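J.: What follows is a predicted protein model with its sequence.
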Amino acid sequence: MPELPEVETVCRGLNQVTLGHKILGGEVLLDRAIASSVSLPEFLAGITDQVISQWHRRGKYLLAELRGLGHGEIKEKYHPLLPDSKSPIVCAQSPLSNWLVVHLRMTGQLLWLDREDALQKHTRVRFFFEGGKELRFVDQRTFGKIWWIPSGQDVKEFVSGLKAMGPEPFSPQFSVDYLAQQFKGRQRPIKTALLDQCAIAGLGNIYSDEALFLAGVRSTTPCSALTLDQIQRLHKAIVQVLDKAINEGGTTFSNFLNVEGTNGNYGGVAWVYRRTGQPCRVCQTPIQRIKLGSRSAHFCPQCQL
């Protein structure tokens with residue numbers, strides 16, 4: 001599943017190629033790719049003649065702010081869905097402003113292509129733009145979802161996953177003290193706790209393994225057993241590994257591609273994830289893999305105690 005670095009990579013790519021472009025219309029090739037909050041005719045009518053003002057990321061969600069062709073006042077404001085953000089954005093304060101929200105889930109891709117390009121086998125939704133371009137939502141496993149939210153509506157009421165989401169790892173709210181409070185008195189394994197989107201937005205299976213390795217903490221360690229020093233190391237490692245993965249364009253082990261159809265490069269420098277049996281990059285001990293609940297955990301038995 002694409003995690004924070006992959007979704008951030010897609011978000012940045014979309015902001016490079018789609019801003020200011022008008023959506024001429026669309027085609028839905030798989031009905032269930034569209035969330036049931038609106039009908040398919042409403043969805044297609046809602047996106048038509050909208051201009052993309054800005055793409056944002058919240059956790060693993062992509063959010064596009066759309067503006068219609070009415071006369072809205074353009075001014076600076078702070079983003080209502082990103083309370084951790086301190087940077088103002090420029091967007092349209094128009095009665096016609098509305099939202100497009102995408103969750104890639106397991107295998108979703110958003111690809112910026114020429115309209116005459118052959119359709120990928122698992123193309124689910126197409127967005128047609130001026131200049132013969134289109135944005136395609138391709139999803140092999142069909143778990144991904146797209147929402148259109150009309151103007152004046154609360155996005156969180158339509159997309160329930162946004163309601164209780166924890167702080168962004170790069171935000172001031174994500175502090176050592178915050179982590180210590182989250183872990184206090186809890187017996188569940190630290191790996192399981194890190195996957196909880198209500199605790200930390202955007203962290204998933206890949207980068208929780210990587211952060212735990214950098215922090216020298218075993219995946220099975222109960223949260224309540226962590227020392228302050230371990231929590232400090234883990235906090236630093238989470239930020240470090242996510243930043244590195246973003247700079248590498250994310251990780252491609254199976255389906256992830258950026259908007260230009262290019263693989264992410266982090267997998268080639270991963271410390272432990274999907275390196276079962278291979279020597280640890282630090283101590284040469286073979287990397288081990290265990291099942292932890294319904295997920296896997298990769299670790300070095302020598303470096304992570």
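T.: Done, it's in. Numbers count the residues shown, from 1 in each chain.

J.: The most centrally placed residue in the chain: what's it in contact with?
T.: The centroid of the chain falls nearest to Lys60 when counting by CA atoms, centre = their mean (2.5 Å). Counting by CB atoms under 8 Å, 6 or more residues apart in numbering, Lys60 touches Met1, Pro2, Glu3, Leu4, Val7, His103, Leu104, Gln197, Ala201, Gly202, Gly204. For the C-beta atoms, the positions are set from N, CA and C on the backbone; glycine is no exception.

J.: And those residues, which is closest to Asp31?
T.: Checking the contacts of Lys60 against Asp31 by CB to CB gives His103 as the nearest, at 16.6 Å.

J.: Check whether that closest one really touches Tyr61, as I assumed.
T.: Yes: counting by CB atoms under 8 Å, Tyr61 is a contact partner of His103 at 5.5 Å.

J.: Common neighbours of those two, please.
T.: In contact with both His103 and Tyr61: Val159, Gly161, using CB under 8 Å, 6+ apart.

J.: Have a look at these two and say which one is more surrounded.
T.: More crowded of His103 and Tyr61, by other CB atoms under 10 Å: Tyr61, with 24 against 21.

J.: thought that one was touching Leu100?
T.: No: applying CB under 8 Å, one finds Tyr61 not in contact with Leu100, separated by 11.0 Å.

J.: quick one on the thing from earlier: out of the contacts of Lys60, who has the most neighbours?
T.: Most surrounded of the contacts of Lys60: other CB under 10 Å gives Pro2, at 29 neighbours.

J.: ok, the nearest residue to that residue once chain neighbours are set aside - contacts?
T.: By the measure of CB to CB, 6 or more residues apart in numbering, the closest residue to Pro2 outside its immediate chain neighbours is Leu104, 4.7 Å from it. Neighbour list for Leu104: Met1, Pro2, Glu6, Val7, Val10, Lys60, Leu62, Leu110, Asp139, Gly144 [criterion: CB under 8 Å, 6+ apart].

J.: contact partners of the helix ranked longest in the chain?
T.: Of all the segments of type helix in the chain, defined by DSSP state H, the longest one is helix 228-247. By CB under 8 Å, 6+ apart, the surrounding residues in contact with helix 228-247 are 4-5, 8-9, 169-170, 174-176, 179-180, 183, 190, 194, 200, 202-203, 206-207, 210-217, 221, 226, 251, 264, 266, 269.

J.: Could you list which of the residues you listed belong to helices?
T.: Using DSSP H, these in helices are 4-5, 8-9, 176, 179-180, 183, 190, 194, 206-207, 210-215.

J.: picking that back up, with pLDDT as extra columns, can I get the contacts of Leu104 in a markdown table?
T.: As requested, these are exported to a markdown table (pLDDT from 0 to 100):
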| residue | pLDDT |
| --- | --- |
| Met1 | 74 |
| Pro2 | 93 |
| Glu6 | 97 |
| Val7 | 97 |
| Val10 | 97 |
| Lys60 | 98 |
| Leu62 | 98 |
| Leu110 | 98 |
| Asp139 | 97 |
| Gly144 | 97 |
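
J.: which one of those residues sits closest to Phe158?
T.: Of all the contacts of Leu104, Phe158 sits closest to Leu62, with 14.4 Å by CB to CB.

J.: Sheet-wise, list the partners of the helix or strand that contains the closest one with their directions.
T.: Per DSSP states H and E: Leu62 is located in strand 61-67. Taking DSSP bridges as the criterion, strand 61-67 sits next to strand 50-58 (antiparallel), strand 98-103 (antiparallel) in its sheet.

J.: Quick check: buried residues in the last one?
T.: Neighbour-count burial for strand 98-103, with 16 or more other CB atoms under 10 Å as criterion, is recorded at Asn98, Trp99, Leu100, Val101, Val102, His103.

J.: The first one touches Gly46, doesn't it?
T.: Yes: under the criterion of CB under 8 Å, Asn98 makes contact with Gly46 at 6.5 Å.

J.: list residues touching both of the two?
T.: Trp148, Pro150.

J.: follow-up on the earlier one: make a markdown table from the buried residues of strand 98-103 and add pLDDT and distance to Ile23 to it.
T.: What follows is those, written out as a markdown table (pLDDT from 0 to 100; distance: CB to CB, whole Å):
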| residue | pLDDT | distance to Ile23 |
| --- | --- | --- |
| Asn98 | 96 | 11 |
| Trp99 | 97 | 13 |
| Leu100 | 98 | 9 |
| Val101 | 98 | 15 |
| Val102 | 98 | 14 |
| His103 | 98 | 19 |
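
J.: for the stretch 51-200 of the chain, what spans make up the strands?
T.: Taking DSSP state E, counting those that start in this stretch as the test, the strands found in the stretch 51-200 of the chain are 61-67, 73-77, 89-93, 98-103, 108-114, 123-129, 133-139, 145-149.
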